[in-house]
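Peer 1: Fold the stuff below for me.
(4 chains)
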2 protein chains.
Amino acid sequence: MVEDGAEDNRRKPRGARRKAGAPTISDVAREAHCSPMTVSRVINGEGNVRDATREQVLEAVARLNYSPNRAARSLAGGEQARIALLFDNPSASYLSEFLMGALEEASRRDIQLVVQSCDNIAHGKTLLRHLAEGGIQGFILPPPLCDDLTVLDLVNELDTISIAVGSGKGAGSQGEVLIDDFQAAYDMTKHIIGLGHERIGFIIGNPEQVAADRRLSGYLEAIKDAGIAKDERLIVQGRFTYRSGMDGAEKLLSVNPRPTAIFASNDDMAAATVAVAHRRHLDVPNDITVCGFDDTDMASSIWPELTTIRQPIRQMTAWAVDAAARMIKTKRAGDRVRPEKKTLPYTLVRRESDAAPPLATRGARMQEG
Amino acid sequence: MVEDGAEDNRRKPRGARRKAGAPTISDVAREAHCSPMTVSRVINGEGNVRDATREQVLEAVARLNYSPNRAARSLAGGEQARIALLFDNPSASYLSEFLMGALEEASRRDIQLVVQSCDNIAHGKTLLRHLAEGGIQGFILPPPLCDDLTVLDLVNELDTISIAVGSGKGAGSQGEVLIDDFQAAYDMTKHIIGLGHERIGFIIGNPEQVAADRRLSGYLEAIKDAGIAKDERLIVQGRFTYRSGMDGAEKLLSVNPRPTAIFASNDDMAAATVAVAHRRHLDVPNDITVCGFDDTDMASSIWPELTTIRQPIRQMTAWAVDAAARMIKTKRAGDRVRPEKKTLPYTLVRRESDAAPPLATRGARMQEG
DNA sequence: GCGCTTGCTGTTAGCGGTATCCGGAGGCTA
DNA sequence: TAGCCTCCGGATACCGCTAACAGCAAGCGC
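Peer 2: Below you'll find the predicted structure:
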């Protein structure tokens, strides 16, 4: 009688569990009027599912708040993909968005993500080698790492795959996800011009990153199209850091006549520009318009909040993790890997840091003209 | 027919996929001349196995160096903990640290973690309900979600458990992991006093978060202990946002005589203070010392970089996951759940935003004394 | 019309364990 | 010897998911 303590309390855990427990893939399948296998395909981002079906499944997933059971998945699926995220990036706010997207997706997809920071390209390459030996099959590389061709070569040599996020030289073997930096910068410049500005300063990003070039080109093209003469003094070099933004802004604000607007290649530098402007007792935006790029956290946590270009960084890294997983999978299956590329839409987010140029300036210009 | 010895060499269809190593429970059973079930019994220390049999099994286990597959075990046993991480937090950098700690620990402990962001408290509550219905048994909540008592009530109503990270009202039913905000603020204030400051302004955080109160108390206690009289004009209300920090700083810097140092309850407000100071042509730190709290990335991405208090966010969330798992387990076993609480150590990070007060001020004071 | 792809979806068979049930051996009472 | 209990241990059915394959239409060349 003493012994049956073991049986008295757990008589029907199974039945009970089914009721209270988490929804399973079959629940979703029933809800979506299809088979569990199809659901599996949808949530794993495999192809070969009609869009209509996919949507039904996704709807059902959302409705039931389904999230796949990790244990079952790794039990059935064999090995998990292991992906590393290497970063060497000055802008902390960019980075945190970046990480969030990747981490979220990795946890959803049950992918093992190794996050490593590195000091410079050389160090990055050592790490790359090291990680590959440790069984990492794929890499996600933000700029500037993904902008270096020797890094790309190394990835190939190690027989791994890589995805460039927010940049990319269009190299054949590398996956890529980015926005149209050129067009975005063009749009922003046009927006500023549309406000009435003609003397528009520009702070270039880190020259080692292709995105910096593309943004510069977009700016140049836009002022050219608007018939504004290019003024070398209004284009200064930065490095995407706050500090470099301060230096750049100091230079720009010392030019005479002063620019009425400054377009910085990222938010950190734009924030620095606002700070410098304030230090010089210039009101943003009434004395000077300041615009950024990226829409990181910083853009909306300073005052005035920045008008900027929103990159869907989170979606981009999420997609990168996804694509990397797919590429690894096809590679493991022995199929030919076709690197995936994607361009995501950006948005111009208008906030409080832009306005028409001060009347005095406009007057001055009208007198000139 | 199918089940005979002829078949025992290898499973046929997926034999190829099986990894070289990893002996299974069946391998052990074969080795010990018994059934998998008996092996399971031995491994799990259940009764009802003859000593002789038990020893055979243990020997086989040792010989094969067998260790049970966790995924399979939790799948079959239905013992898997599922925890959700809900966040509604402005600071992205705080979050990435937050996530990293949690995800790392979750994967180590084989716990399933669902990550969800929400817009506000109301939305958070909807999600909470939704997730609980979806089989989530516990929640990890950063501020401000964990500071809201109605959220806490909901957690209880849903018969789930929660852990507050970085805050907590000490409510009986909720687990908590935090730093000693009082002591940290005390230390920072003392540090500033040690530099020679006597007129130290303080910007309070969001009154809805308990941590804000604690930090204020720490500040008050420290100046009291140093024999500095409390000056109401030097203590202003903020809300943890950049904007509120600007307002607070404006107020503080208008006080006459001006404070020589300002201690803001978080980094965003400290950054705002630096901006305001610069606007007034005050040099940080030579004209005025500014210190923050949290060590978010803003602290090190503005210039000058902020002296601040670093919270070990990663360890805090790792611990939270751990504690949540334990609490869920005891709850499932039908035992009374005793919410766990923990306080972790913080660090005062000294950077470039603090210095001794300007000589003029010190002179003035010496004359006074 | 015949095969032959191609694209989409369902079916089957496990992954490595554990819960539950079942049955045989042995001991005890009547 | 029947009846019943206890101790051991095996058989079976899953847990939730996915790999591999098996349809099955539609499109295409000839």
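Peer 1: quick one: A:Arg243 and B:Ile302 touch, right?
Peer 2: No - look at A:Arg243 against B:Ile302 with CB atoms under 8 Å: they stay out of range, at 9.1 Å. Heads up, the C-betas are built off the backbone N, CA and C, glycines and all.
Peer 1: In terms of packing, which of those two has more residues around it?
Peer 2: B:Ile302 (27 against 18; other CB atoms under 10 Å in any protein chain shown).
Peer 1: Okay, that one and B:Ser254: tell me how far apart.
Peer 2: According to CB to CB, to the nearest Å, B:Ile302 and B:Ser254 sit 23 Å apart.
Peer 1: Give the burial count for A:Ala229, as a bare number.
Peer 2: With other CB under 10 Å as criterion, A:Ala229 counts 7.
Peer 1: Which strand or helix spans it?
Peer 2: Using DSSP states H and E, A:Ala229 sits in no helix or strand.
Peer 1: Distance-wise, check it relative to B:Ile200.
Peer 2: Relative to B:Ile200, and taking CB to CB, A:Ala229 is found at 52 Å.
Peer 1: can you check A:Tyr186 too?
Peer 2: For A:Tyr186 relative to B:Ile200 (CB to CB), the value is 49 Å.
Peer 1: Just want to know which of these two has more residues nearby.
Peer 2: Under the neighbour definition other CB under 10 Å, A:Tyr186 and B:Ile200 were set side by side, and B:Ile200 has more, 27 against 21.
Peer 1: what sits opposite the more buried one in the beta ladder?
Peer 2: B:Ala261 (DSSP bridges).
Peer 1: now it: how far from B:Ala264?
Peer 2: The value you get for B:Ile200 to B:Ala264, if CB to CB is used, is 11 Å.
Peer 1: Same check on A:Phe202?
Peer 2: 33 Å.
Peer 1: Looking at these two, which has the bigger crowd around it?
Peer 2: With neighbours defined as other CB under 10 Å, A:Phe202 and B:Ala264 compare such that B:Ala264 has more, 32 against 26.
Peer 1: check contacts around the residue nearest to A:Ile25 when sequence neighbours are not counted.
Peer 2: Once flanking residues are discounted, A:Ile25 sits nearest to A:Pro36: 4.6 Å by CB to CB, 6 or more residues apart in numbering or on different chains. Contacts for A:Pro36 (CB atoms under 8 Å, 6 or more residues apart in numbering or on different chains) come out as A:25-26, A:28-29.
Peer 1: Narrow the residues you listed to just the buried residues.
Peer 2: A:25, A:28-29 (16 or more other CB atoms under 10 Å in any protein chain shown).
Peer 1: Tell me which of these fall in helices.
Peer 2: If you go by DSSP state H, these have A:25, A:28-29 in helices.
Peer 1: hey, what's in contact with both of A:Arg243 and B:Ile302?
Peer 2: A:Ala272.
Peer 1: Compute the number of surrounding residues for whichever residue of the stretch 101-250 of chain A sits closest to DNA strand C.
Peer 2: Ranked by CB to the nearest atom of the strand, the top residue of the stretch 101-250 of chain A for proximity to DNA strand C is A:Asp110, at 13.9 Å. Neighbours of A:Asp110 under the rule other CB under 10 Å: 20.
Peer 1: same check, this time on A:Arg70
Peer 2: A:Arg70 has 22 nearby residues by other CB under 10 Å.
Peer 1: same check, this time on A:Arg50
Peer 2: Count around A:Arg50 with other CB under 10 Å applied: 9.
Peer 1: separation between it and DNA strand D?
Peer 2: A:Arg50 sits 12 Å away from DNA strand D, going by CB to the nearest atom of the strand, to the nearest Å.
Peer 1: residue ranges of the strands in chain A, please?
Peer 2: A:82-87, A:112-117, A:138-141, A:161-165, A:175-178, A:200-204, A:235-237, A:261-264, A:289-291, A:308-310, A:341-343, A:347-349 (DSSP state E).
Peer 1: Comparing the ones you listed by mean pLDDT, which bottoms out?
Peer 2: Within those, confidence is poorest for strand A:112-117, with a mean of 82 (mean pLDDT).
Peer 1: Kindly spell out which helices and strands sit in contact with that strand.
Peer 2: Counting contacts by 3 or more CB pairs under 8 Å, 6 or more residues apart in numbering or on different chains; DSSP states H and E, strand A:112-117 packs against strand A:82-87, helix A:92-109, helix A:121-133, helix B:92-109.
Peer 1: want to throw those into CSV with mean neighbour count?
Peer 2: Output for the helices and strands packed on strand A:112-117, formatted as CSV (neighbours: other CB atoms under 10 Å in any protein chain shown):
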stretch, mean neighbour count
strand A:82-87, 23
helix A:92-109, 24
helix A:121-133, 16
helix B:92-109, 22
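Peer 1: and of these, who's closest to A:Ala355?
Peer 2: Across these, A:Ala355 has its closest neighbour in helix A:92-109 (24.5 Å, CB to CB).
Peer 1: which bits of the stretch 251-369 of chain A sit near DNA strand D?
Peer 2: Residues of the stretch 251-369 of chain A lying close to DNA strand D (CB under 7 Å from any atom of the strand) are A:Ala333.
Peer 1: gap between the closest residue to A:Arg63 other than its chain neighbours and A:Ala212?
Peer 2: Excluding the flanking residues, the one nearest A:Arg63 by CB to CB, 6+ apart is A:Glu31, at 6.5 Å. To A:Ala212, A:Glu31 is 48 Å away according to CB to CB.
Peer 1: Who has more neighbours out of the two?
Peer 2: Set A:Glu31 next to A:Ala212 and count neighbours by other CB under 10 Å: A:Ala212 wins out with 24 against 18.
Peer 1: contacting residues for that one?
Peer 2: Going by CB under 8 Å, 6+ apart, A:Ala212 touches A:204-206, A:240, A:265.
Peer 1: Which of those are buried? Put it as a PyMOL command.
Peer 2: Selecting only the buried entries of the contacts of A:Ala212 in PyMOL, with 16+ other CB under 10 Å as the criterion:
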select buried, chain A and resi 204+205+206+240+265
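Peer 1: Return the member of the contacts of A:Ala212 nearest to B:Ala360.
Peer 2: Closest to B:Ala360, out of all of the contacts of A:Ala212 and judged by CB to CB, is A:Phe240, at 38.4 Å.
Peer 1: show me what contacts that closest one?
Peer 2: A:90-91, A:205-206, A:209, A:212, A:265-266, A:268-269.
Peer 1: go again using 10 Å as the cut-off
Peer 2: A:Phe240 is in contact with A:89-91, A:94, A:143-144, A:203-206, A:208-209, A:211-212, A:264-269, A:293-294, counting by CB atoms under 10 Å, 6 or more residues apart in numbering or on different chains.
Peer 1: in the stretch 1-150 of chain A, what spans have low per-residue confidence?
Peer 2: Within the stretch 1-150 of chain A, the ranges that satisfy pLDDT under 70 run A:1-20, A:78-79, A:89-92.
Peer 1: same thing but at 90, please
Peer 2: A:1-23, A:43-48, A:62, A:64-71, A:73-83, A:86-121, A:131-137, A:142-149 (pLDDT under 90).
Peer 1: Show me which helix runs longest in chain A.
Peer 2: Longest helix in chain A, counting by DSSP H: helix A:313-332.
Peer 1: Give me the residue at the spatial middle of chain A.
Peer 2: A:Ile313 (2.3 Å; CA atoms, centre = their mean).
Peer 1: isn't that one right up against A:Pro143?
Peer 2: No - in this structure, A:Ile313 is not within contact of A:Pro143 by CB atoms under 10 Å, at 11.9 Å.
Peer 1: Now list whatever residues contact both of the two.
Peer 2: What both A:Ile313 and A:Pro143 touch, as defined by CB under 10 Å, 6+ apart, is the set A:94, A:165-166.
Peer 1: Tell me how far stretch A:51-65 lies from the chain's centre.
Peer 2: Chain-centre distance of stretch A:51-65: 26 Å, with CA atoms, centre = their mean, to the nearest Å.
Peer 1: residues making contact with that stretch?
Peer 2: So stretch A:51-65 is contacted by A:22-25, A:27-34, A:38-43, A:45, A:49-50, A:66-68, B:84, B:114, B:116, B:127, B:129-136 (CB under 10 Å, 6+ apart).
Peer 1: Can you narrow these down to the ones near DNA strand C?
Peer 2: A:33-34, A:38, A:41, A:49-50.
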